[in-house]
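S.K.: sequence-free structure coming up:
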């Protein structure tokens, strides 16, 4: 049942039922959005930066094969081993081969959405390689055997008590700990010996610079720099769309990334890797995994501009009230809803409907992806491809017929008004009316607009008679 | 076809028209103030601090004042009394017991309060991350205004490992509570020191 449709609405309903978690989640993400706004208002050039970022990314994508070759040439010249992976399976095989050739059995890693895409951890575990996530939020999710629920703050759906429960099980700490400081310190103490003795380290990358063969990692906890500098082997996995042409382009993107994500002017660590450290070894794996195909989708290729800041998630009323896990995918929120169907159209067919189309995602996107337009276009694609659940499809089909025939429509409206006024709740709020699950139906009116118009205006030809 | 050629071939077939998407020229935007006050405000916003010295006070004395319990101080700059030179550490793991690491930044960025360190300044890259605390010497003449101006610096084209550190390590992954001192250094103190 790998392709079973994600029941986003069902999972969201469960999330909404948990009032304390819902309230924190909603407030925390809205706070990140407000901090982002405060930073934006400090920079008069903000909108210009967004335009530039969009243009640079679109140019890079239109010339991606050339920039990838340039990156490969420069990185190789600097002593980096560059590998190419068509998909997740090929990526995982490359990582395992690098590690096995060096007899490495322990890998420490910082957060990388691409390795989540590739589902790398179970693959390596089956080959006797222990993978330890070192980012606090990602480690919590690893120990709790859940996907990250947010691309920047992976455990944002959890409260302190949830983390205390996870750490008590795995680290033997106090299950009733209620101070986040105490729990963060427990992570530091647990991670340090693992870091010191790891055979290899792994990071993702936020950007890669074609003209120098540099890749850039933006983090806050220091775990990525520890993972890259303490062991002798550093493997970096990056999606092929991470490229920018020039070093100077980083000025545009780094200025916006953390401001958009967390509302801080820059991440605590912005690290530029251009070659292996003394006595060390460095590998870069360039991963396609559906990206080259997405580049050919006229309506959706610009989703490849995404720099993974999460601003669209923080601002989305649906995401804030349904939680990242309800999307059942590596990428959640508005950006997830337009990327995920390219991985599996049927499985993720419900996600483009998890939106009010209010356009807020588009307004905050630092690279100007027209996210809400793409959500709408995905709905059309999914309907054309018959990827709609039965009830929604039939209701839309009936609605289409009704609205196409004014006489039938008016009769139906009159009937609906009667029904709203007379039918009991159990009949109105049934499974045939998913719209009514979290909403009240409108109050019945005495008279429809059309009936009123016919009564007061018809027959005398002018619009303002009777006044 | 191998993976590389398969990917490049697919990209060449699928890409949008390159002529429709020209590359904009490099820009120099934003506030171009490269002053110390702006740098210090940025540094403090991200949780960093200043280490101030009384006139004529040796660096080692100022460090002892700030970190009275420090047992192992390791320095990547010469002339810090009582500090172990980083060159004496045989490997990265040897940096784990270091309480305070002393380094000199290549430059700082006023916009964000960031300092730049590479292998040229650190000798052992892991020193800046395994130590508990970091003391950073910074020549005020090496301040640059913002990230646009910073990326013109030659260090980005020569360093194999180059980190912009902006305050100490931090996390807000547990219920949104901001904690300074996550997995890397617990504090970062900048000491202005002209060369």
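M.R.: Nice, thanks for sending it over. What you see is a predicted model; the values in this text were computed from it and never measured.

S.K.: So residue A:343 versus chain B, what's the distance?
M.R.: 16 Å (C-beta to the nearest C-beta, to the nearest Å). Just so you know, the C-beta spots here come from the backbone N, C-alpha and C atoms, and that holds for glycine as well.

S.K.: doesn't residue A:294 make contact with that residue?
M.R.: No - the pair residue A:343 and residue A:294 does not pass the contact test of C-beta atoms under 8 Å, sitting 9.4 Å apart.

S.K.: So if I had to pick from those two, which one is more boxed in?
M.R.: The residue with more neighbours, out of residue A:343 and residue A:294, is residue A:294; 21 against 16, by other C-beta atoms under 10 Å in any protein chain shown.

S.K.: The residue nearest to the more buried one when sequence neighbours are not counted is in what secondary structure piece?
M.R.: Distances taken as C-beta to C-beta, 6 or more residues apart in numbering or on different chains place residue A:342 nearest to residue A:294, at 5.0 Å, with adjacent residues excluded. Counting by DSSP states H and E, the element that carries residue A:342 is helix A:333-343.

S.K.: quick one: secondary structure of the closest residue to chain A within chain B?
M.R.: Of the residues in chain B, the one nearest chain A is residue B:184, at a distance of 2.1 Å by C-beta to the nearest C-beta. Here residue B:184 is recorded as coil under DSSP: H, G, I helix; E, B strand; the rest coil.

S.K.: so how many other residues sit close to it?
M.R.: Under the neighbour criterion other C-beta under 10 Å, residue B:184 is assigned a count of 28.

S.K.: Ok, the one 3 residues further on next?
M.R.: Other residues lying near residue B:187 total 20 when counted by other C-beta under 10 Å.

S.K.: do the same with residue B:178
M.R.: If we define neighbours as other C-beta under 10 Å, then residue B:178 has 12 of them.

S.K.: mind listing what it touches?
M.R.: For residue B:178, the contacting residues are B:170-172, taking C-beta atoms under 8 Å, 6 or more residues apart in numbering or on different chains as the criterion.

S.K.: hey, what's residue 109 bridged with?
M.R.: Reading this off chain A. Beta bridges link residue A:109 to residue A:133, residue A:202, judged by DSSP bridges.

S.K.: let's do chain B instead
M.R.: Taking DSSP bridges as the rule, residue B:109 bridges to residue B:114, residue B:144.

S.K.: gap between it and residue A:232?
M.R.: Noted for residue B:109: a distance of 31 Å to residue A:232, by C-beta to C-beta, to the nearest Å.

S.K.: Mind checking which of these two has more residues around it?
M.R.: Legend: neighbour count by other C-beta under 10 Å for residue B:109 and residue A:232, higher for residue B:109 (28 against 18).

S.K.: contacting residues around that one?
M.R.: Shown in contact with residue B:109 (C-beta under 8 Å, 6+ apart): B:39, B:42, B:115-116, B:143-147, B:150, B:164.

S.K.: near chain A, from the contacts of residue B:178?
M.R.: Of the residues in the contacts of residue B:178, proximity to chain A by C-beta under 8 Å from any C-beta of the partner chain holds for B:170-172.

S.K.: And the longest helix seen in chain B, what's buried?
M.R.: The single longest helix within chain B, with elements called by DSSP state H, is helix B:3-14. Taking 16 or more other C-beta atoms under 10 Å in any protein chain shown as the neighbour-count basis, helix B:3-14 is seen to contain the buried residues B:3-4, B:7-8, B:10-11, B:14.

S.K.: which intervals of chain A have sub-threshold pLDDT?
M.R.: When residues are selected by pLDDT under 70, those of chain A lie in A:1-2, A:390-391, A:427, A:430-432, A:434-438, A:459-467.

S.K.: If anything else comes up later, I'll come back, but that's it for now.
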